[in-house]
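In: this one's sequence-less:
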């Protein structure tokens, strides 16, 4: 034995020396062409406060589906689809809605005019329109909102070094001058409309790639130029236009701006994360921890490339932590249906909170935990929501429990039993479930698909209630009792031969088993349960019995309006299955 251990140790040592715990091998990809974030922009080192904060209140949510999301569609929305989506956003409770880029296309311009002339906007909803820093396009944008009692005009310009050098061909000073001229022109046009409450928003596009001191300089200039005040604040919107760093870096950038912006009480600090690295939601959440008060995004994350940050996930993440999202998702399927229609894009079935399958468990261990959690919840309906694998109650977003547990070849006995009880009122004894689960798994392995609740019942019926090719058929019977003695007389066909048999015992089932013994079928009843079907499932009873038949243990089941008849049928089912 020591020799064997030594040999094994030698081999293990050799393997470690050769593979060094099997590390990843170098790839052929040209990673050297890319620079890490810290070589592009230096975020001033600061004492971070955001890691110690908690999200306790919803920010101002601003959907940009009608502008940023729309310009990412292969088939941009027409006025009809835009109006349907706009109406949904209003019903859900959004208070600022970016409605278009009116200088970019006639369709966008016409939709903004449609809102002005044909829609009675709620008093608490403010449309936002988007414009580049060009005088003629700014004028076109103001023309689109003529007649609105309130609006936000959103000015943007790219500010990062690579955009300045490669795209615009302008220096920092030239960018600053362009922004000042555009902002001055906007203020002049707004002053010409004293009857309208027009506020301003500025977005240094590619903020996350721009030198922080330059962004601060631009934002503070505009805060002063537009004479922002607490009752007429300016919105500074800081987008991660193309996501290139981990979310903590974006949080550092936002906290830097939050700490250093002039007239901070007159500024609404906004963020607009994209999802190029797949961390848009994390970027937005950490940005709010870092001081952001407003978040722009799209329902279900539509947008250019990998999309804008997903407002559904952000808001429902707060809800799942006991924070009011201040947006109504109580019918999330209706929200999804509208978004899919307007975008002509499907929502993934695994999309957080809104996908078809996000509240569904196929795995046996998950199903068992969920069914126990729901049972515990039913017994403690006033306590906090604590159901394993379900971060929120599906009912809160308009779902039912019908699709929470679904059965396929990966499912376990708990899930199958749950569906059988919920949909057909049959409550299988715990010890019977493994046997029934094998029947279901064989069927789903053969079919390769999931089994519906009705199919589960059909498997139960065909296996237990009406087993195929029964060897013993009961054609008539009677049960009587004389004092403590029960008697059972019946006519049976065993392998086609009719017989008259009788038996006695301390109960009707014991008497039936004794009668079967007289006919040469040895039956011992080991376990017995019976229950009425659940309310709404009928007035019948179901009996389940575990028997030892000629030395073989097997379960049987029976169903009838009579408890005794159901019980007799259960014993007969076990005999025939044996």
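Out: Received, thanks. Because the structure is a prediction, the values reported are computed rather than measured.
In: can you give me the helices in the stretch 201-350 of the chain?
Out: 212-225, 247-260, 280-289, 311-319, 332-343 (DSSP state H, counting those that start in this stretch).
In: which of those sits most buried?
Out: helix 280-289 (a mean of 25; mean count of other CB atoms under 10 Å). Every residue, glycine included, has its C-beta placed from N, CA and C.
In: if we can go back for a sec, between the helices of the stretch 201-350 of the chain, which one is closest to residue 353.
Out: helix 311-319 (4.3 Å; CB to CB).
In: with distance to residue 371 and mean pLDDT added, can I get the helices of the stretch 201-350 of the chain in a markdown table?
Out: Shown next, in a markdown table, are the helices of the stretch 201-350 of the chain (distance: least, CB to CB, whole Å; pLDDT from 0 to 100):
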| stretch | distance to residue 371 | mean pLDDT |
| --- | --- | --- |
| helix 212-225 | 53 | 98 |
| helix 247-260 | 36 | 96 |
| helix 280-289 | 30 | 98 |
| helix 311-319 | 24 | 98 |
| helix 332-343 | 23 | 97 |
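In: make JSON lines out of those helices and add distance to residue 115.
Out: Below are the helices of the stretch 201-350 of the chain laid out as JSON lines (distance: least, CB to CB, whole Å):
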{"stretch": "helix 212-225", "distance to residue 115": "26"}
{"stretch": "helix 247-260", "distance to residue 115": "31"}
{"stretch": "helix 280-289", "distance to residue 115": "27"}
{"stretch": "helix 311-319", "distance to residue 115": "21"}
{"stretch": "helix 332-343", "distance to residue 115": "16"}
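In: tell me which of these lies nearest to residue 66.
Out: The nearest among the helices of the stretch 201-350 of the chain, by CB to CB, is helix 332-343 at 9.0 Å.
In: what residues are up against residue 169?
Out: By CB atoms under 8 Å, 6 or more residues apart in numbering, the contact list for residue 169 is empty.
In: phi, psi for it please.
Out: Backbone torsions of residue 169, given as degrees, to the nearest 10, read phi 70, psi 40.
In: tell me how far it lies from residue 176.
Out: Per CB to CB, to the nearest Å, residue 169 is found 15 Å from residue 176.
In: count the residues that sit near residue 454.
Out: Neighbour count for residue 454, taken as other CB atoms under 10 Å: 11.
In: for it, what are its contacts?
Out: So residue 454 contacts residue 423 (CB under 8 Å, 6+ apart).
In: name the SS class of it, please.
Out: helix (DSSP: H, G, I helix; E, B strand; the rest coil).
In: residue 139 is in what secondary structure piece?
Out: helix 135-144 (DSSP states H and E).
In: buried residues, that helix. List them.
Out: 137, 138, 140, 141, 142, 144 (16 or more other CB atoms under 10 Å).
In: cool, and stretch 540-550?
Out: So stretch 540-550, judged by 16+ other CB under 10 Å, has buried residues 540, 541, 542, 543, 544, 545, 546, 547, 549.
In: got the residues you listed as JSON lines, with distance to residue 576 columns?
Out: What follows is the buried residues of stretch 540-550, written out as JSON lines (distance: CB to CB, whole Å):
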{"residue": "540", "distance to residue 576": "20"}
{"residue": "541", "distance to residue 576": "20"}
{"residue": "542", "distance to residue 576": "17"}
{"residue": "543", "distance to residue 576": "15"}
{"residue": "544", "distance to residue 576": "15"}
{"residue": "545", "distance to residue 576": "12"}
{"residue": "546", "distance to residue 576": "15"}
{"residue": "547", "distance to residue 576": "11"}
{"residue": "549", "distance to residue 576": "9"}
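In: tell me where the model's unsure across the chain.
Out: By pLDDT under 70, the low-scoring segments of the chain are 1-20, 402, 405-413, 534-538.
In: and the strands in it, which stretches?
Out: Using DSSP state E, the strands of the chain run over 60-63, 96-100, 126-132, 150-158, 197-205, 234-240, 267-273, 294-297, 472-482, 485-494, 497-505, 523-532, 541-549, 552-560.
In: nearest to residue 381, out of the ones you listed?
Out: strand 523-532 (22.6 Å).
In: what is that closest one packed up against?
Out: If you count contacts as 3 or more CB pairs under 8 Å, 6 or more residues apart in numbering; DSSP states H and E, strand 523-532 packs onto helix 508-518, strand 541-549, helix 563-577.
In: give me the buried positions along it.
Out: Result for strand 523-532 [16+ other CB under 10 Å]: buried residues 523, 525, 528, 529, 530, 531.
In: and the contacts of stretch 507-526?
Out: By CB under 8 Å, 6+ apart, stretch 507-526 touches 472, 477, 479, 481, 486-490, 492, 494, 499, 501-505, 528, 545-551, 553, 564, 567-568, 571, 574-575.
In: quick check on these: which are buried?
Out: Neighbour-count burial (16+ other CB under 10 Å) is assigned, among the contacts of stretch 507-526, to 472, 477, 479, 486-490, 492, 494, 501, 503-505, 528, 545-547, 549, 564, 567-568, 571, 574-575.
In: surely residue 59 meets residue 294?
Out: Yes - using CB atoms under 8 Å, residue 59 is in contact with residue 294, at 5.6 Å.
In: between those two, who's got more neighbours?
Out: Between residue 59 and residue 294, residue 59 has the larger neighbour count (other CB under 10 Å), namely 23 against 20.
In: so in the chain, which helix runs the longest?
Out: With residue count as the measure and DSSP state H as the assignment, the chain has helix 172-191 as its longest helix.
In: can you give me the angle it makes with strand 126-132?
Out: 140 degrees (axes from the mean of the first three to the mean of the last three CA atoms, to 10 degrees).
In: which residues are contacting helix 172-191?
Out: Counting by CB under 8 Å, 6+ apart, 133-135, 138-139, 142, 153, 155, 157, 159, 164, 168, 170, 196, 198, 200, 202, 214, 217-218, 221-222, 225-226 sit against helix 172-191.
In: what of stretch 72-81?
Out: 66, 70, 85, 105, 107, 110-111, 114, 302-305, 307, 341-345.
In: ok, now with 6 Å
Out: Residues outside stretch 72-81 that contact it (CB atoms under 6 Å, 6 or more residues apart in numbering) are 70, 111, 114, 303, 304, 342, 343, 344.
In: now a ChimeraX select for only the buried ones of these.
Out: The ChimeraX command for the buried members of those (criterion: 16+ other CB under 10 Å) is given here:
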select :70,111,114,303,304,342,343
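In: tell me which two in the contacts of stretch 72-81 are the farthest apart.
Out: Farthest pair in the contacts of stretch 72-81 (CB to CB) is 114 and 304. Separation: 24.6 Å.
In: returning to that earlier point: and the helices of the stretch 201-350 of the chain: which comes nearest residue 444?
Out: Once the helices of the stretch 201-350 of the chain are compared by CB to CB, helix 332-343 is nearest, at 26.9 Å.
In: residue 155 and residue 202 touch, don't they?
Out: Yes - look at residue 155 against residue 202 with CB atoms under 6 Å: they come within range, at 5.2 Å.
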